[in-house]
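Undergrad: this one's sequence-less:
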């Protein structure tokens, strides 16, 4: 008897069934990267999300309203959750917060019940003068790979299944990479770059099934001469087989702010430097091989930090990688590139740039008071052929006195230096901000470090309404007709999405939320400093301590 022919519909159905059953693969409804999407617009199609919940307290650990589950994290969490393939990932830290005894952590929990599946320990390495805040970056999940930038700046490709499924290569030295104890680098500075003189590795770790499986590692120090400072809280973005990564490199490792004599000597030394330190690199997502770098020398003009996550955009048939620079300038690079000669890395060509500062009055070292020394911290957002980005200052130093900021909308269809021609509108009354904008139905939502939430008309920049609250370092999320805004010490505030202000819930979970919310598969995910919450309407969950 002849077998029935396999129709196109049957084949498609079998493929979808296989796709849904393969562990670790992203599925429809997942939130696979920072902002959930490559254009970095914090908007989700999820429905039925709760607008309030009960937070964990010492005396109340069961029966939490609208809490599906809550998982205990470490001592301080700055990262935002990602949900893919039945797993939830979030970065944070354990140890003495803010010093070199803090261990960076990436946790992987089961999406259904919050059970800990594995975690990655990344001991801090004192490369410059920065402190460790743990892993502040948000991972990116693509197919069966998890990509993360550690607090040392390393780019790692991880298996979603951890070491419980075996140690897969080519990288197999997890014991030394997860080594406990302090790691330090002795190095010198020369006109042709930094040189590593000595590396202290620490004590090798004893591996177990709850440890992460590193597939490959890219070391920006040795392979790209890129040296981050203060924090590495950017996330990779995937396009085809290419991984675009912001390196957070800067010249400010030895900056003594306020010392004009020292700054002048420092600028003179580095402006005579004959080396490159790319702020954006392209890697082979399967091997970690360096493919291309930007050569705009953004690092020379970055005097404090570089914290913005790149976005992808398609303009006039060309794919662009949009990067917010630590020098207060937004850059657009052509995503396509030619290989370099003789196996060297190619070049990411500049499509356009927009300087949000006043170049004639640029003074490094006064980061907390001067708008002209600000940086792009939030991610640029691509929306309807326009790019929306903001500038601000180091929020750890300034808090509510972060100084002036600026929110801009620029025309992404132009080319070259568009600082004088590409401006659509600018909003100068916002304070210093790290919040990535969320744009839906022509309405833009953002917030500043001083604690003001804004709703603006995305086309004109006109302010429609504002709301005063606690400090906001995270980013708003628009989903289910609601706007979710995390605050530092007033919990989660929820507004109705619309041109008129309507507060649905204030002080929902009076915890410290520094990261940003994510929505996936009918649930809202949000990490406080100590707990990861999975929120679902009608749930009454408890704290998960399994595996810790």
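TA: Cool, the structure landed. Predicted, not measured: the structure shown is a model, and the values here were computed from it.
Undergrad: So which residues of the protein form helices?
TA: Secondary structure of the chain (DSSP state H): helices at 8-21, 174-177, 220-224, 260-271, 395-398.
Undergrad: The second one - what's its average pLDDT?
TA: In this model, helix 174-177 has a mean pLDDT of 89.
Undergrad: neighbouring contacts of it?
TA: Residues outside helix 174-177 that contact it (CB atoms under 8 Å, 6 or more residues apart in numbering): 122, 163, 167, 171, 201, 204-207, 211-214, 217. Where C-beta positions appear, they are placed from N, C-alpha and C, glycine not excepted.
Undergrad: now it, how far from the centre of its chain.
TA: Computed by CA atoms, centre = their mean, to the nearest Å, the chain-centroid distance of helix 174-177 equals 25 Å.
Undergrad: Show me which residues of it are buried.
TA: Of the residues in helix 174-177, 174, 177 count as buried by neighbour count, 16 or more other CB atoms under 10 Å.
Undergrad: One more: the third one?
TA: For helix 220-224, the buried set under the neighbour-count rule, 16+ other CB under 10 Å, comprises 220, 221, 223, 224.
Undergrad: re the thing from before, which among the contacts of helix 174-177 gets closest to residue 495?
TA: Nearest to residue 495, judged by CB to CB, of the contacts of helix 174-177 is residue 122 at 36.3 Å.
Undergrad: separation between the residue lying closest to the closest one once chain neighbours are set aside and residue 215?
TA: Nearest non-adjacent residue to residue 122, counting by CB to CB, 6 or more residues apart in numbering: residue 104, 3.7 Å away. Residue 104 is 18 Å from residue 215, where distance means CB to CB, to the nearest Å.
Undergrad: The two: which has the busier surroundings?
TA: residue 104 (29 against 22; other CB atoms under 10 Å).
Undergrad: ok so, going back, run through the bridge partners of the residue nearest to residue 122.
TA: residue 93, residue 122 (DSSP bridges).
Undergrad: Would you indicate which residues of stretch 314-326 are buried?
TA: Neighbour counts over stretch 314-326 (16+ other CB under 10 Å) mark 315, 319, 320, 321, 322, 323, 324, 325, 326 as buried.
Undergrad: That stretch: end-to-end distance?
TA: End-to-end distance of stretch 314-326: 24 Å, with CA to CA, to the nearest Å as the criterion.
Undergrad: Please apply the same query to stretch 519-536.
TA: 10 Å.
Undergrad: Show me which of the contacts of helix 174-177 is closest to residue 136.
TA: Looking across those and measuring by CB to CB, the closest to residue 136 is residue 122, at 11.6 Å.
Undergrad: So which of the contacts of helix 174-177 wins on neighbours?
TA: In the contacts of helix 174-177, the most neighbours by other CB under 10 Å go to residue 212, 27 neighbours.
Undergrad: nearest spatial neighbour of that residue, skipping sequence neighbours?
TA: In space, residue 212 is closest to residue 120, 3.5 Å off (CB to CB, 6+ apart).
Undergrad: do the same with residue 227
TA: residue 249 (5.5 Å).
Undergrad: Quickly note the distance from that neighbour to residue 157.
TA: Noted for residue 249: a distance of 20 Å to residue 157, by CB to CB.
Undergrad: Who has more neighbours out of those two?
TA: Using other CB under 10 Å as the criterion, residue 249 and residue 157 rank with residue 249 on top: 27 against 23.
Undergrad: I figured the more buried one hits residue 302, correct?
TA: Yes. The criterion here is CB atoms under 8 Å, and residue 249 meets it with residue 302 at 7.4 Å.
Undergrad: any shared contact partners between the two?
TA: In terms of CB under 8 Å, 6+ apart, residue 249 and residue 302 are both contacted by the residues residue 279.
Undergrad: from the buried residues of helix 220-224, which single one is nearest residue 393?
TA: Of the buried residues of helix 220-224, the one sitting nearest to residue 393 (CB to CB) turns out to be residue 220, at 24.4 Å.
Undergrad: Just give the closest residue to the closest one, not the sequence neighbours.
TA: Closest to residue 220 by CB to CB, 6+ apart is residue 226, at 3.9 Å.
Undergrad: residue contacts, the one you found?
TA: By CB under 8 Å, 6+ apart, residue 226 lies in contact with 153, 220, 247, 248, 249, 277, 278, 279, 281, 299.
Undergrad: could I get those as TSV with pLDDT and distance to residue 333?
TA: Below are those laid out as TSV (pLDDT from 0 to 100; distance: CB to CB, whole Å):
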residue	pLDDT	distance to residue 333
153	84	20
220	87	17
247	92	13
248	88	16
249	85	15
277	86	16
278	93	11
279	94	10
281	97	11
299	83	15
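Undergrad: just checking, residue 315 touches residue 412?
TA: Yes. Applying CB under 8 Å, one finds residue 315 in contact with residue 412, separated by 5.0 Å.
Undergrad: Spit out the residues that contact the two alike.
TA: With CB under 8 Å, 6+ apart as the test, residue 315 and residue 412 both reach residue 385.
Undergrad: quick one on the thing from earlier: make JSON lines out of the buried residues of helix 220-224 and add distance to residue 33.
TA: Output for the buried residues of helix 220-224, formatted as JSON lines (distance: CB to CB, whole Å):
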{"residue": "220", "distance to residue 33": "20"}
{"residue": "221", "distance to residue 33": "25"}
{"residue": "223", "distance to residue 33": "23"}
{"residue": "224", "distance to residue 33": "22"}
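Undergrad: Can you tell me which of these is closest to residue 517?
TA: The shortest approach to residue 517 among the buried residues of helix 220-224 belongs to residue 220, at 29.4 Å (CB to CB).
Undergrad: Relative to residue 149, how far out is that closest one?
TA: Here the distance between residue 220 and residue 149 works out to 9 Å (CB to CB).
Undergrad: what do those two both touch?
TA: Counting by CB under 8 Å, 6+ apart, the residues touching both residue 220 and residue 149 are residue 155.
Undergrad: remind me, longest strand of this structure?
TA: strand 531-541 (DSSP state E).
Undergrad: Show residues contacting it.
TA: Applying CB under 8 Å, 6+ apart, the contact partners of strand 531-541 are 48-50, 53, 55-56, 63-73, 77, 81, 88, 90, 107, 109, 111, 114, 509, 511, 522-527, 543.
Undergrad: what bridges to residue 426?
TA: Here residue 426 sits in beta bridges with residue 408, going by DSSP bridges.
Undergrad: what about it, neighbour count?
TA: Neighbours around residue 426, by other CB under 10 Å: 13.
Undergrad: The one 4 residues further on now?
TA: Using other CB under 10 Å, residue 430 has 25 other residues around it.
Undergrad: For it, give its distance to residue 87.
TA: According to CB to CB, residue 430 stands 36 Å off from residue 87.
Undergrad: And residue 291, by the same measure?
TA: On the measure of CB to CB, residue 291 and residue 87 end up 28 Å apart.
Undergrad: Same question for residue 159.
TA: In terms of CB to CB, residue 159 sits 11 Å off from residue 87.
Undergrad: From the neighbour counts alone, determine which of these two ranks first.
TA: More neighbours surround residue 87 than the other of residue 159 and residue 87, with 23 against 20 (other CB under 10 Å).
Undergrad: Quick one: residues contacting the residue lying closest to the more buried one once chain neighbours are set aside.
TA: Taking CB to CB, 6+ apart, and ignoring the residues beside it in sequence, residue 87 has residue 108 as its nearest neighbour in space, at 5.4 Å. Residues counted as contacts of residue 108 (CB under 8 Å, 6+ apart) are 87, 88, 89, 116, 117, 118, 119, 146, 160, 162, 212.
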